[in-house]
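Okay, here's the prediction I keep looking at, along with the sequence it came from:
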Amino acid sequence: MINSTGRLVERLGAKVPSLSLDSLHDAASKRTGSDDFGDPDYREGLERLVASIEAESKTNLLGRVSARTQIVDLLAARLELTAYRKDHPELAAEKVERPLFVLGLPRTGTTLLYELLACDRSSRSPTTWELSRPCPPPLAETYQTDPRIAPIAKNLAQFKQMVPTLDAIHPIGATLPQECVVVTAPSFRSFQFQLSFDVPSYQDWYMAADIAPAYRFHRRFLEHLQSHFRGERWVLKSPAHLGHLDALLAEYPDARVVQTHRDPVDVIPSVASLHYAVRGFGSDAVDPSVVGAQQSRIWSEFLDRAMDARRRHAPSRFLDVRFEDVLADPLAVVRRIYAHFDLRLTAETELAMQEHLRGNPREKHGRHTYTPEMFGLTADGIRRDFGAYRAHLGFDSNDARGTHA
């Protein structure tokens, strides 16, 4: 009904709500009472994103509302973070030391490993609620009961009603660890936006852009979050780091990296399924074949970049793990991670991880099914797109794989 109203309004020559840059900035300023958005390096990404949404994403009314809401929220976060840092110059003395990053293709066990590593109380992982409403910084003593949690949980529940298959593909929650694409989103140099919208020109710009400003913003965000609640280390995660390893390690020269691996023949249709489901919330014209081709191209390029970047860095900084090993014995993989990076794994932490596994069995939210053909792909085509990576990892090009993950 809402989208039908939107189509009627468009036929009358209007697009609502407005996505003009002035209206977006004005809405964020009105909400926060501030007009200092910090470093202006965010503006090019914002301008390209809005132009791409307007010209390419074929949004319905709900999609436009979602786009405006997301952008205003991100601009408001910039305003609040900038104002807070001006009022608290001591944040400049915060140190983010030896963070541990989990990365790899989506659907390769990164989320499971990330959630297990986040069970360690000596670590710190950013959750959805604190990234959505970062000011004031969270306090250790009220971290689990902060009043900001409930409204974020309500918003997510409403979104899941619109995308009922989401949890079966990729569970999200207000208190679950969140990915780094959300941390970098207010810089408007982030992989996050192409999940919600078909924005190919923005995505092309993002993949070629200088990404260093996004990682500077990333560090400052972590400094903010840890100022009243810190751990021994940050544990962080995003598959999108694959495309920017040099920039990541330039910003965090003492970072440790866990990279997961799985045959892309199994991965890419699953990734396409996630994007197709989420984009369907905001558009009535999502072409599954377009989504499949985009995901195969993007992730093959990101993996090629990652293989190239790793040749320039010490092998000891990385630990490679196979998806099959994560599924077979996730705690054994965790022990390997702790041993490789000389971290202390306590009996209490292992117990917390075991409880997490018992409470979150595979397919808890339903079975996620897909095939390459659903997204205009073929197994042979994916093998060609990822030829260098598959050869590097020794995947058998004739290996027949299943159709669910």
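Received, thanks.

Just read off the phi/psi values of residue 238.
In terms of degrees, to the nearest 10, the main-chain angles of residue 238 are phi -170, psi 130.

State the pLDDT value of it.
pLDDT, residue 238: 97.

got it, and residue 168?
Reported pLDDT for residue 168: 58.

same thing with residue 157?
Note for residue 157: predicted pLDDT of 89.

burial of it, as a residue count?
Residue 157 has 11 neighbours, counted by other C-beta atoms under 10 Å. C-beta: built from backbone N, CA, C; applies to glycine.

Make sure it is indeed in a helix.
Yes: under DSSP: H, G, I helix; E, B strand; the rest coil, residue 157 sits within a helix.

and it, what does it touch?
Residue 157 makes contact with no residue, according to C-beta atoms under 8 Å, 6 or more residues apart in numbering.

How many residues are close by residue 238?
By the criterion of other C-beta under 10 Å, residue 238 has 27 neighbours.

Now it: closest residue in space that isn't a chain neighbour?
Once flanking residues are discounted, residue 238 sits nearest to residue 180: 3.8 Å by C-beta to C-beta, 6 or more residues apart in numbering.

quick one: that neighbour and residue 219 touch, right?
No: counting by C-beta atoms under 8 Å, residue 180 sits too far from residue 219 to count as a contact (11.1 Å).

and stretch 193-207, which residues are buried?
For stretch 193-207, the buried set under the neighbour-count rule, 16 or more other C-beta atoms under 10 Å, comprises 193-199, 202-203, 205-207.

nearest to residue 115, of those residues?
Nearest to residue 115, judged by C-beta to C-beta, of the buried residues of stretch 193-207 is residue 195 at 19.3 Å.

Run the chain-centre distance for the helix or strand hosting that closest one.
Applying DSSP states H and E as the criterion places residue 195 in helix 193-196. On the basis of C-alpha atoms, centre = their mean, to the nearest Å, helix 193-196 sits 10 Å off its chain's mean C-alpha point.

sorry, back to before: give me every residue that touches the residue nearest to residue 238.
Residue 180 is in contact with 101, 218, 236-238, 240-241, counting by C-beta under 8 Å, 6+ apart.

which residues of the stretch 251-400 of the chain fall in helices?
All helices of the stretch 251-400 of the chain, identified by DSSP state H, counting those that start in this stretch, fall at 264-282, 288-310, 323-328, 330-340, 347-359, 379-385, 387-393.

Save those as TSV, and put in mean pLDDT, distance to residue 258 and mean neighbour count too.
TSV is the format used below for the helices of the stretch 251-400 of the chain (pLDDT from 0 to 100; distance: least, C-beta to C-beta, whole Å; neighbours: other C-beta atoms under 10 Å):
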stretch	mean pLDDT	distance to residue 258	mean neighbour count
helix 264-282	94	17	24
helix 288-310	98	13	19
helix 323-328	96	10	16
helix 330-340	98	6	17
helix 347-359	97	15	13
helix 379-385	97	24	18
helix 387-393	95	15	15
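
Turn the ones you listed into a markdown table, columns for distance to residue 44.
Shown next, in a markdown table, are the helices of the stretch 251-400 of the chain (distance: least, C-beta to C-beta, whole Å):
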| stretch | distance to residue 44 |
| --- | --- |
| helix 264-282 | 23 |
| helix 288-310 | 20 |
| helix 323-328 | 37 |
| helix 330-340 | 37 |
| helix 347-359 | 41 |
| helix 379-385 | 29 |
| helix 387-393 | 31 |
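
Relative to residue 256, tell me which of those wins on proximity.
With C-beta to C-beta as the criterion, residue 256 lies closest to helix 330-340 of the helices of the stretch 251-400 of the chain, at 8.2 Å.

So which residues of this structure form strands?
Counting by DSSP state E, the segments of the chain that form strands are 100-104, 123-124, 233-237, 256-261, 318-322.

My understanding was that residue 110 contacts residue 260; is that so?
Yes: counting by C-beta under 8 Å, residue 110 does reach residue 260; the two are 5.3 Å apart.

who touches both of those two?
The contact lists of residue 110 and residue 260 share 102-104, where a contact means C-beta under 8 Å, 6+ apart.

In those residues, which residue is surrounded by the most others?
Ranking these using other C-beta under 10 Å puts residue 102 first, with 33 neighbours.

distance of that one from residue 40?
According to C-beta to C-beta, to the nearest Å, residue 102 stands 32 Å off from residue 40.

Nearest spatial neighbour of residue 297, chain-adjacent residues omitted?
In space, and not counting its chain neighbours, residue 297 is closest to residue 385: 7.2 Å by C-beta to C-beta, 6+ apart.
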